[in-house]
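Enquirer: mind looking at a prediction? Sequence and model below.
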Amino acid sequence: MIKQRRSFTPGFKREAAGLVLDQGYSHIEASARLGVVESALRRWVSQLQQERNGVIP
């Protein structure tokens, strides 16, 4: 069985990263709560940090 890749809106990614950066969740807690893999959440957090520091992806 081929697993279909899920896609998430930019808004969802930003909110998910915000749980870690703004609300004190750990990556593990936030990924479990949202049902996403931890590696994806870590990438979103990194992207949001760069965005907030003025780096445009």
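Expert: Looks like it came in fine. Quick caveat, the model's predicted, so the values are computed rather than measured.
Enquirer: number of nearby residues for S7?
Expert: Neighbour count for S7, taken as other C-beta atoms under 10 Å: 6. Any C-beta I mention is one placed from the backbone N, CA and C, and that applies to glycine too.
Enquirer: counting neighbours, what do you get for the closest residue to S26 other than its chain neighbours?
Expert: Distance criterion C-beta to C-beta, 6 or more residues apart in numbering; nearest residue to S26, sequence neighbours excluded, is V20 at 7.3 Å. As a burial measure, V20 scores 21 neighbours (other C-beta under 10 Å).
Enquirer: buried residues in the helix or strand harbouring V20?
Expert: Assessed by DSSP states H and E, V20 sits inside helix 10-21. The neighbour-count check on helix 10-21 (16 or more other C-beta atoms under 10 Å) flags K13, A16, A17, L19, V20 as buried.
Enquirer: show me what it is packed up against.
Expert: Counting contacts by 3 or more C-beta pairs under 8 Å, 6 or more residues apart in numbering; DSSP states H and E, helix 10-21 is packed against helix 27-34, helix 38-52.
Enquirer: mind checking pLDDT for the residue nearest to S26?
Expert: Here the pLDDT value assigned to V20 is 97.
Enquirer: now swap in R6 and tell me
Expert: Reported pLDDT for R6: 85.
Enquirer: count of residues packed around the residue nearest to it when sequence neighbours are not counted?
Expert: In space, R6 comes closest to V36 once its chain neighbours are excluded; the distance is 8.0 Å by C-beta to C-beta, 6+ apart. Residues near V36, counting by other C-beta under 10 Å, number 17.
Enquirer: and V36, what element?
Expert: Per DSSP H and E, there is no helix or strand for V36.
Enquirer: I'd say it and F8 touch.
Expert: Yes - in this structure, V36 is within contact of F8 by C-beta atoms under 8 Å, at 7.4 Å.
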